[in-house]
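Enquirer: dropping a prediction and its sequence here:
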Amino acid sequence: MLLHDAGSHLAGLEIGGTKLVAARAYGRAIAERVTIPTTTPEATLHAARELLARWHASEALAAIGIAAFGPVRIDRAAPDYGHVLATPKPGWEGADLLAGLSGFGVPFALDTDVNAAALAEMSLGAGQGCDSLIYITIGTGIGGGVVVGGRPAHGRLHPELGHMMLGREAGDDFAGICPFHGDCIEGLVSGPALHARLGADPAAVAAGDPRWETVAGDLARLIANLMLTLSPQRIVIGGGVGLGQRAMVQGAARKVPALLAGYLPDIDDDAMARIVVPPVLGHDAGPLGAILLAERAASCETGAQV
């Protein structure tokens, strides 16, 4: 049994493409977790709101953190703040996440699910002791969260690392599958992209298959560009493909020193093995990230009222 004085009573929502994970915690210790299928915005957010209302009625919540799949407007000054933007998720484009979760009168913070996961891995997982971290999830799509100076990166929108358009491996004519950009990194290395270019479930293709070399080269270019632009101390790569094809990820990391060509000091295979790592928190990264957003909102770092 958790003691109530272990920390503030917080709630976090990780709104994913297939499920919404709601968690309540005392401080950073999760006391309860509930999974809600992601169906329509109306049904999904109604179920989440009812759950939050029940938790709040039993014991007042100090703050709520919302970590949502993107793209989503996270600029508080924007007229469409809290709305999901262009997304292939049927029915969710234009969904107002905050209208469905309003009325509690407590501070809240909204960010992307990958920014929240990056924050959790830096605070509690693979990036402990770091000041800058990038979290990349490779699965049905490719998402990227960035934490610099201990804070998730925001700007005109939020990081969309999966849609970076990079140089291609020599002789590779795969067109890519991204409906927006074709051969952006998501169009080349996401799970559906790998299925298309390999002609089979990636999990069924042997790690020694030479076609993985081209895929590793694509991912290496992403890693090298992120190292040059954001100078992360740690790059955490997870997701179904990121964890399931670990040999490919490790192969990509080994290609990076040659791409950098000595421009960054002390970058060799040993350094890359320390920089590019798997997540420590696993499936807990998203819910814990949402709780950390709530914790920051409660401390008035990023909070506003809902």
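Expert: Sure, I can see it.

Enquirer: rest of the way, CA atoms for contacts and neighbours
Expert: Fine.

Enquirer: okay, now Lys89: neighbour count?
Expert: Lys89 is flanked by 15 other residues according to other Cα atoms under 10 Å.

Enquirer: quick check: closest non-adjacent residue to it.
Expert: Gly17 (7.0 Å; Cα to Cα, 6 or more residues apart in numbering).

Enquirer: identify the residues contacting that neighbour.
Expert: Contact analysis of Gly17 by Cα atoms under 8 Å, 6 or more residues apart in numbering lists 38, 69, 89.

Enquirer: switch the cut-off to 10 Å
Expert: Gly17 is in contact with 37-39, 68-70, 88-90, 92, 140, counting by Cα atoms under 10 Å, 6 or more residues apart in numbering.

Enquirer: tell me where the stretch 201-306 of the chain has helices.
Expert: Assigned by DSSP state H, counting those that start in this stretch, the helices in the stretch 201-306 of the chain fall at 211-230, 239-244, 246-260, 269-275, 285-298.

Enquirer: which parts of the second one are buried?
Expert: In other words, helix 239-244. 239, 241-243 (16 or more other Cα atoms under 10 Å).

Enquirer: helices or strands next to it in the packing?
Expert: Packed against helix 239-244, as judged by 3 or more Cα pairs under 10 Å, 6 or more residues apart in numbering; DSSP states H and E, are the following elements: strand 132-138, strand 142-148, helix 191-198, strand 234-238, helix 246-260.

Enquirer: now secondary structure, pLDDT and distance to Leu264 too, for the contacts of Gly17, in JSON lines please.
Expert: Output for those, formatted as JSON lines (DSSP: H, G, I helix; E, B strand; the rest coil; pLDDT from 0 to 100; distance: Cα to Cα, whole Å):
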{"residue": "Pro37", "secondary structure": "strand", "pLDDT": "96", "distance to Leu264": "45"}
{"residue": "Thr38", "secondary structure": "coil", "pLDDT": "93", "distance to Leu264": "43"}
{"residue": "Thr39", "secondary structure": "coil", "pLDDT": "95", "distance to Leu264": "46"}
{"residue": "Ala68", "secondary structure": "strand", "pLDDT": "94", "distance to Leu264": "34"}
{"residue": "Phe69", "secondary structure": "coil", "pLDDT": "89", "distance to Leu264": "33"}
{"residue": "Gly70", "secondary structure": "coil", "pLDDT": "80", "distance to Leu264": "32"}
{"residue": "Pro88", "secondary structure": "coil", "pLDDT": "77", "distance to Leu264": "38"}
{"residue": "Lys89", "secondary structure": "coil", "pLDDT": "84", "distance to Leu264": "39"}
{"residue": "Pro90", "secondary structure": "coil", "pLDDT": "88", "distance to Leu264": "43"}
{"residue": "Trp92", "secondary structure": "coil", "pLDDT": "94", "distance to Leu264": "42"}
{"residue": "Thr140", "secondary structure": "coil", "pLDDT": "86", "distance to Leu264": "32"}
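
Enquirer: contacting residues around Gly187?
Expert: Going by Cα under 10 Å, 6+ apart, the list of residues near Gly187 reads 141-142, 162-165, 174-181, 193-194, 196.

Enquirer: let me have the helices of the stretch 201-306 of the chain in TSV, adding distance to Arg33 as columns.
Expert: TSV is the format used below for these (distance: least, Cα to Cα, whole Å):
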stretch	distance to Arg33
helix 211-230	34
helix 239-244	20
helix 246-260	29
helix 269-275	32
helix 285-298	9
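
Enquirer: deepest-packed of those helices, please.
Expert: Burial of the helices of the stretch 201-306 of the chain is given as mean neighbour count (mean count of other Cα atoms under 10 Å); helix 285-298 ranks first at a mean of 29.

Enquirer: just how off-centre is that one within its chain?
Expert: 13 Å (Cα atoms, centre = their mean, to the nearest Å).

Enquirer: for it, give the mean pLDDT please.
Expert: Throughout helix 285-298, pLDDT has a mean value of 95.

Enquirer: again, but for stretch 213-226
Expert: 97.

Enquirer: got a list of what the spatially closest residue to Leu101 that is not a sequence neighbour touches?
Expert: Spatial nearest neighbour of Leu101, excluding adjacent residues (Cα to Cα, 6+ apart): Arg49 at 5.4 Å. Shown in contact with Arg49 (Cα under 10 Å, 6+ apart): 43, 55, 100-104.

Enquirer: where does Arg49 fall, secondary structure wise?
Expert: helix 41-58 (DSSP states H and E).

Enquirer: pull that helix out as CSV, backbone CA atoms only.
Expert: C-alpha atoms of helix 41-58 as CSV (Å, rounded to 0.1, in the frame of the first residue of the first chain):
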residue,chain,number,x,y,z
PRO,A,41,-11.9,10.6,-30.1
GLU,A,42,-15.4,11.0,-28.5
ALA,A,43,-15.5,7.5,-27.0
THR,A,44,-11.8,7.4,-26.0
LEU,A,45,-11.7,10.8,-24.4
HIS,A,46,-15.0,10.4,-22.7
ALA,A,47,-13.8,7.2,-21.1
ALA,A,48,-10.6,8.9,-20.0
ARG,A,49,-12.5,11.9,-18.6
GLU,A,50,-14.8,9.6,-16.6
LEU,A,51,-11.8,7.8,-15.1
LEU,A,52,-10.1,11.0,-14.2
ALA,A,53,-13.4,12.3,-12.6
ARG,A,54,-13.6,9.1,-10.5
TRP,A,55,-10.0,9.5,-9.3
HIS,A,56,-10.4,13.2,-8.6
ALA,A,57,-13.6,12.6,-6.6
SER,A,58,-12.0,9.9,-4.4
